[in-house]
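Trainee: Below: sequence and its predicted model.
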Amino acid sequence: MARHLITSAIPYINGIKHLGNLVGSQLPADLYARYLRERGHEVMFICATDEHGTPAELAARKAGQPVAIYCAEMHQVQAAIARDFGLSFDHFGRSSSERNHVLTQHFAGKLDENGWITEVEESQVYSVDDGRFLPDRYIEGTCPNCGYDKARGDQCENCTKQLDPTDLIEPRSAVSGSTNLEVRKTKHLYLRQSALKQQLAEWIDGKSDWPILTTSIAKKWLNDGDGLQDRGITRDLDWGIPVKKGDKPWPGMEGKVFYVWFDAPIEYIAGTAEWADAQGRPDSDWRRWWRLDEGAGDVTYTQFMGKDNVPFHTLGFPATIIGSGEPWKLVDYIKSFNYLTYDGGQFSTSQGRGVFMDQALSILPADYWRWWLLSHAPESGDSEFTWDNFQQSVNKDLADVLGNFVSRITKFCRSKFGETVPEGGSYGPEEEALIEALTSRIRAYEGFMDHMEIRKSAAELRAIWVLGNEYLQSAAPWSTFKTEPERAAMQVRLGLNLIRLYAVLSSAFIPFASDAMLSAMRTDNRDWPDDIRAALQALPAGHAFIVPEVLFAKISDESRDEWRERFKGIRG
RNA sequence: GGGCCUGUAGCUCAAUGGUCAGAGCAGGGCGCUCAUAACGCCUUGGUUGGGGGUUCGAGUCCCUCCGGGCCUACCA
């Protein structure tokens, strides 16, 4: 039994996430957390909403709400959807929590104490009518290079030229359209990442087992151009964590807040503290996950995220941890993902293109999505969602291979023996061969799951389901029942036990169906099958069960076509 | 512009430099009748994007060209 700390990249607060966001972090993290728990490990699985920054303020304004209220409501919405998807967080926190305020200010104070903070005076565009500073990309104007009239202050989307906001012709606020803009001086804190470069590089060089996607992005940032750059960790915003040195004021920084990317990863720690608070536990209970000097020495920490998050988790957050000079736990393994694309293009939150988490659940149960997304996780490259592929995969894998297996064996038993595990008979060569095949495949499955090889795990699990159908086909209890009823009883008993076994093995992927299978078998026995032969005797002769409802109804061509039409355009 | 990833069967993907490049789905044939017209068995299908090179041996390593994707530091 080991101790595993697992965090998923925290989803941004400004709306419901789409399936691409889900498969890139929360869902695979949940798979891993569920699997490790089943294997008997102690798991702490933390996620949260990422609530600060300009987009949150603007989304609140658009919704006509104070930003704190908006975030509180959106947090509840995201939490409910996460729960309905079966995401088994030990705690789903908020980056705006008091715990995060205190910890973020603490880290900043330590970094300053250790000389890793510099103050930089810079010029920033201020929108008088909006009453706020604007990030570069929230300024629009005409591109001096190509004449495109909706160029952003950081880059022209039309000609891809990098821009400075002051390059724009007739610049205006992207928020209000106001042209009443001026450049103002403002002072910000910078984290001296450049000075920590060597330590970060050595740390990353030691991670030879990380996905190439993770290390290549990290090394690019470390070595590109002049090397790792210092990063501003404060912003001129109202909503955020006020800049303080620990619990002391930070002279000259009044009215400023920390940059969202500074406080967001710290929320992994704060979220664990929020968990302790919610459980009524003492601080020592969360600190034993995070402080090497308070019990975290035996913790394995794994992070899940989309590739866009990699620089902040390989460089920014570790710089914060290392720079603090305190014995906080650094991540051991970063599992990063490419993107899921939608029917030939990108999922788009702004254009409402693709399927969003709430919509997904409104048309099909969570397990359908969980299975498809995980079995097609974008591990080696981007992967594409199409309705044809979704329908085909789900119907074949879930309805035909697994669902129908459960159906055929339970219904056969009911008709010949009643809804009770039948008695009699003993294993022959076929059963021995099945146990051998199951053992081999289950050990392979464990290996893939241990290494977070998600698509391979799914393929192996499916192959394990197939073994059940192969067995039934060759054992043919409907034939043996006529001549050797005892043998048929043994075959059916084995088949029924396979249902329980499959429920246990599959629960990380399809937890709801897994529960339904165990419930139909009237058992709470979720023991991991270390010994397959023993696992196939968990349901003894005489044990009562019920024939379950159809586990997975098939997706019809009509539904598929309707959904393809419904989700191709703008979200209503 | 620079960097990274990627290109393998109709589709989605596998293959520590080492038998004849493998699975699933789709297609074709046969079987079974317990089951959600489900399941099982067999089977068609590949000049591994093009070209060159290294090697006894290349899908794998190198060069080059072509296609797709991502990142490029004030969105998060």
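Mentor: Perfect, thanks for sending it.

Trainee: Pull up the residues of the stretch 201-350 of chain A that are close to RNA strand B.
Mentor: A:212-213, A:216-217, A:220-221, A:224-225, A:227-229, A:231-232, A:235, A:259-261, A:264, A:307-309, A:311, A:338-339, A:346 (C-beta under 7 Å from any atom of the strand). From N, CA and C alone the C-beta is placed, and that goes for glycine too.

Trainee: One more: the stretch 51-200 of chain A?
Mentor: For the stretch 51-200 of chain A, the contact set with RNA strand B under C-beta under 7 Å from any atom of the strand comprises A:52-55, A:122, A:124, A:135-138, A:153-155, A:160, A:162, A:188, A:193.

Trainee: tell me which element the residue nearest to A:Ala535 when sequence neighbours are not counted falls in.
Mentor: Once flanking residues are discounted, A:Ala535 sits nearest to A:Pro529: 3.6 Å by C-beta to C-beta, 6 or more residues apart in numbering. Using DSSP states H and E, A:Pro529 is not contained in any helix or strand.

Trainee: residues in contact with A:Pro529?
Mentor: A:442, A:501, A:504-505, A:535 (C-beta atoms under 8 Å, 6 or more residues apart in numbering).

Trainee: Tell me the one of the residues you listed nearest A:Val401?
Mentor: Nearest to A:Val401 among these, counting by C-beta to C-beta, is A:Leu505 at 13.5 Å.

Trainee: then the helix or strand containing the closest one to CSV, C-alphas only?
Mentor: Using DSSP H and E, A:Leu505 falls within helix A:485-506. Only the C-alpha atoms of helix A:485-506 are listed here, as CSV (Å, rounded to 0.1, in the frame of the first residue of the first chain):
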residue,chain,number,x,y,z
PRO,A,485,-26.9,-30.2,-16.4
GLU,A,486,-24.2,-30.2,-13.6
ARG,A,487,-21.6,-29.0,-16.1
ALA,A,488,-24.0,-26.3,-17.4
ALA,A,489,-24.5,-25.2,-13.8
MET,A,490,-20.7,-24.9,-13.3
GLN,A,491,-20.4,-22.9,-16.6
VAL,A,492,-23.2,-20.5,-15.6
ARG,A,493,-21.8,-20.1,-12.1
LEU,A,494,-18.5,-19.1,-13.7
GLY,A,495,-20.2,-16.8,-16.1
LEU,A,496,-22.0,-15.0,-13.3
ASN,A,497,-18.8,-14.6,-11.4
LEU,A,498,-17.3,-13.1,-14.5
ILE,A,499,-19.8,-10.3,-14.2
ARG,A,500,-18.6,-9.4,-10.7
LEU,A,501,-15.0,-9.7,-11.8
TYR,A,502,-15.7,-7.4,-14.8
ALA,A,503,-17.5,-4.9,-12.6
VAL,A,504,-14.4,-4.6,-10.3
LEU,A,505,-11.9,-4.4,-13.2
SER,A,506,-14.0,-1.9,-15.1
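
Trainee: same for it, what does it pack against?
Mentor: Packing partners of helix A:485-506 (3 or more C-beta pairs under 8 Å, 6 or more residues apart in numbering; DSSP states H and E): helix A:404-417, helix A:429-450, helix A:454-475, helix A:477-483, helix A:511-520, helix A:532-535.

Trainee: let's see it at 7 Å
Mentor: Helices and strands touching helix A:485-506, by 3 or more C-beta pairs under 7 Å, 6 or more residues apart in numbering; DSSP states H and E, are helix A:404-417, helix A:429-450, helix A:454-475, helix A:477-483, helix A:511-520.

Trainee: chain center to stretch A:42-61: distance?
Mentor: Mean-position distance between stretch A:42-61 and its chain equals 13 Å (C-alpha atoms, centre = their mean, to the nearest Å).

Trainee: Which positions in that stretch come out as buried?
Mentor: Neighbour-count burial for stretch A:42-61, counted by 16 or more other C-beta atoms under 10 Å, picks out A:43-60.

Trainee: How about stretch A:92-101?
Mentor: For stretch A:92-101, a neighbour-count test (16+ other C-beta under 10 Å) marks A:92-97, A:99-101 as buried.

Trainee: Now tabulate those in JSON lines and tack on distance to A:Ser514.
Mentor: Shown next, in JSON lines, are these (distance: C-beta to C-beta, whole Å):
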{"residue": "A:Phe92", "distance to A:Ser514": "22"}
{"residue": "A:Gly93", "distance to A:Ser514": "27"}
{"residue": "A:Arg94", "distance to A:Ser514": "30"}
{"residue": "A:Ser95", "distance to A:Ser514": "32"}
{"residue": "A:Ser96", "distance to A:Ser514": "35"}
{"residue": "A:Ser97", "distance to A:Ser514": "33"}
{"residue": "A:Arg99", "distance to A:Ser514": "34"}
{"residue": "A:Asn100", "distance to A:Ser514": "34"}
{"residue": "A:His101", "distance to A:Ser514": "39"}
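
Trainee: closest to RNA strand B among the residues you listed?
Mentor: When the buried residues of stretch A:92-101 are compared for distance to RNA strand B (C-beta to the nearest atom of the strand), A:Ser95 wins out at 8.3 Å.

Trainee: which regions of chain A lie under the pLDDT threshold?
Mentor: By pLDDT under 70, the low-scoring segments of chain A are A:159-160, A:569-572.

Trainee: Export stretch A:75-95 to PDB, keeping only CA atoms.
Mentor: Provided in PDB are the C-alpha atoms of stretch A:75-95 (Å, rounded to 0.1, in the frame of the first residue of the first chain):
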ATOM      1  CA  HIS A  75     -18.200  26.700  -8.900                       C
ATOM      2  CA  GLN A  76     -21.400  25.000  -7.800                       C
ATOM      3  CA  VAL A  77     -22.400  24.300 -11.500                       C
ATOM      4  CA  GLN A  78     -19.000  22.800 -12.300                       C
ATOM      5  CA  ALA A  79     -19.000  20.800  -9.100                       C
ATOM      6  CA  ALA A  80     -22.400  19.300  -9.800                       C
ATOM      7  CA  ILE A  81     -21.400  18.400 -13.400                       C
ATOM      8  CA  ALA A  82     -18.100  16.800 -12.200                       C
ATOM      9  CA  ARG A  83     -20.100  14.800  -9.700                       C
ATOM     10  CA  ASP A  84     -22.500  13.600 -12.400                       C
ATOM     11  CA  PHE A  85     -19.600  12.500 -14.500                       C
ATOM     12  CA  GLY A  86     -18.400  10.400 -11.600                       C
ATOM     13  CA  LEU A  87     -15.200  12.500 -11.000                       C
ATOM     14  CA  SER A  88     -14.200  11.200  -7.600                       C
ATOM     15  CA  PHE A  89     -12.300  14.100  -6.200                       C
ATOM     16  CA  ASP A  90     -11.600  13.900  -2.500                       C
ATOM     17  CA  HIS A  91     -12.100  17.600  -2.600                       C
ATOM     18  CA  PHE A  92     -13.100  20.100  -5.300                       C
ATOM     19  CA  GLY A  93     -11.800  23.400  -4.100                       C
ATOM     20  CA  ARG A  94     -11.700  27.000  -5.100                       C
ATOM     21  CA  SER A  95      -8.600  29.000  -5.900                       C
END
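
Trainee: picking up where we left off before, same list (the contacts of A:Pro529) but as JSON lines, adding distance to A:Arg564 and neighbour count.
Mentor: Below are the contacts of A:Pro529 laid out as JSON lines (distance: C-beta to C-beta, whole Å; neighbours: other C-beta atoms under 10 Å):
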{"residue": "A:Ile442", "distance to A:Arg564": "37", "neighbour count": "21"}
{"residue": "A:Leu501", "distance to A:Arg564": "36", "neighbour count": "23"}
{"residue": "A:Val504", "distance to A:Arg564": "35", "neighbour count": "21"}
{"residue": "A:Leu505", "distance to A:Arg564": "32", "neighbour count": "25"}
{"residue": "A:Ala535", "distance to A:Arg564": "41", "neighbour count": "22"}
